[in-house]
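# A structural model of the following input is requested.
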Amino acid sequence: MTNPRRTYSQVSSSGICRIGGVAVSDRVRVRVRVEVVQSVAYVTLNRPEKLNGLDLDMLDALVDAARTIRTDRSIRGVVLQGAGDAFSAGLDFASAGKQPRRMAKAFAKFPGQKTNLFQRACWVWRELPVPVIAVVHGHCFGGGLQLALAADFRFTTPDCTFSVMEAKWGLIPDMTGTVTMRELAAMDVVKRLAMTAELFDGNQALEWGFVSGVSDNPIKPAQELLSQIMTRSPDAVAATKTLLHKTWNRSPRGAFWIESRIQLALMRGKNHKIVRSANTAKTLPEFAIRKFG
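Below is the predicted model of the structure:
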């Protein structure tokens, strides 16, 4: 797997970008760059002059990008990264504050909705049926941290600076961090960080459980992990992600029912048959397009 330097995107005469044959709005191309290389979507926060601060257009673009990726079943994984000197410095209050009506709409949650826009921009990556890896450097603050935590794995540089920055503004982490942080770190650690906005580096993030690994070149372990995962059935990978998220806090009885239901679906699927045949013949499997998820 190589670092992306070419794109499969083309812009039509109507100004619509196409990724994997799917139309994408202009705001995705402006705020979030998506490149697909060897079945991996590289999603780059593209506001480097503002350290990839999350304005409302960026939040919309993140949701649009994830939804577009979801429609392309040939994509096997996602790398989330930031252009320039940072992954993300968090929510751009100055920009969002200039659009009070739009900000209120983004914060609103209608009956039956699980997420508002701020939460959806993070959670939509959690719900993708492919592994998502955040590659972090520079700064990873506030909403940027919560975006990274919504990924399945995170690799960082040792000198990256992290913070639950909302405390600095007299706020709480409300972009899905209350769920993702509790899954990764002890409650006293989460309380400490959410109450103080304390800065910490990549090595401390690893010790507390917020990241999966530390490297001077974090894209390398991210690509290596994706290469390893891509040797397995795309249906089994998607099912594993679904299984663990659905059962992590369930009772044993509930978890076992979900296990059985998902396993039955996999055993009936084409890729399971492909793997069985390849293992019998001692050859590498050539997987069909993912059906699960």
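# okay, CA-based contacts and neighbour counts for the rest of this
Will do.
# isn't Arg70 right up against Glu127?
No. Under the criterion of CA atoms under 8 Å, Arg70 is not in contact with Glu127, lying 9.4 Å apart.
# what is in contact with the two at once?
Common contacts of Arg70 and Glu127, defined by CA atoms under 8 Å, 6 or more residues apart in numbering, are absent altogether.
# how much space between the residue lying closest to Asn279 once chain neighbours are set aside and Gly142?
Once flanking residues are discounted, Asn279 sits nearest to Pro285: 7.8 Å by CA to CA, 6 or more residues apart in numbering. In this view, Pro285 and Gly142 are 42 Å apart by CA to CA, to the nearest Å.
# Buried by neighbour count: which residues of stretch 240-251 qualify?
Going by neighbour count (16 or more other CA atoms under 10 Å), the buried part of stretch 240-251 is Thr240, Lys241, Thr242, Leu243, Thr247.
# Relative to Arg261, which of the residues you listed is nearest.
Each of the buried residues of stretch 240-251 was checked against Arg261 using CA to CA; the closest is Leu243, at 9.9 Å.
# Give the helix, strand or coil label for that closest one.
What DSSP: H, G, I helix; E, B strand; the rest coil gives for Leu243 is helix.
# For it, give me its contacts.
Applying CA under 8 Å, 6+ apart, we find Leu243 in contact with Ile258, Glu259, Ile262.
# Could you pull out the helices in the chain for me?
Per DSSP state H, the chain carries helices over the ranges 26-31, 56-71, 93-97, 100-107, 117-126, 142-149, 177-184, 187-196, 202-208, 219-229, 234-247, 252-267, 270-281.
# Ranking those by mean neighbour count, which comes first?
Neighbour counts (mean count of other CA atoms under 10 Å) averaged over each of the helices of the chain peak at helix 142-149, with a mean of 28.
# Who are the packing partners of that one?
Other helices and strands packing on helix 142-149, by 3 or more CA pairs under 8 Å, 6 or more residues apart in numbering; DSSP states H and E, are helix 117-126, strand 161-163, helix 177-184.
# circling back to that earlier point, so which of the helices of the chain comes closest to Ala86?
Smallest distance to Ala86 across the helices of the chain (CA to CA): 9.8 Å, for helix 142-149.
# mean confidence score for stretch 80-87?
Stretch 80-87 shows a mean pLDDT of 98.
# Buried by neighbour count: which residues of that stretch qualify?
Neighbour-count burial for stretch 80-87 [16+ other CA under 10 Å]: Leu80, Gln81, Gly82, Ala83, Gly84, Ala86, Phe87.
# where does the chain have low pLDDT?
1-29 (pLDDT under 70).
# what sits against the residue of it most remote from its centre?
Among the C-alpha atoms of the chain, the one farthest from their average position, using CA atoms, centre = their mean, is that of Ala281, at 36.1 Å. Applying CA under 8 Å, 6+ apart, we find Ala281 in contact with no residue.
# Could you measure from it over to Ile274?
11 Å.
# coming back round to it: could I get the buried residues of stretch 240-251 in JSON lines, plus columns for distance to Phe200?
Shown next, in JSON lines, are the buried residues of stretch 240-251 (distance: CA to CA, whole Å):
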{"residue": "Thr240", "distance to Phe200": "31"}
{"residue": "Lys241", "distance to Phe200": "29"}
{"residue": "Thr242", "distance to Phe200": "31"}
{"residue": "Leu243", "distance to Phe200": "32"}
{"residue": "Thr247", "distance to Phe200": "31"}
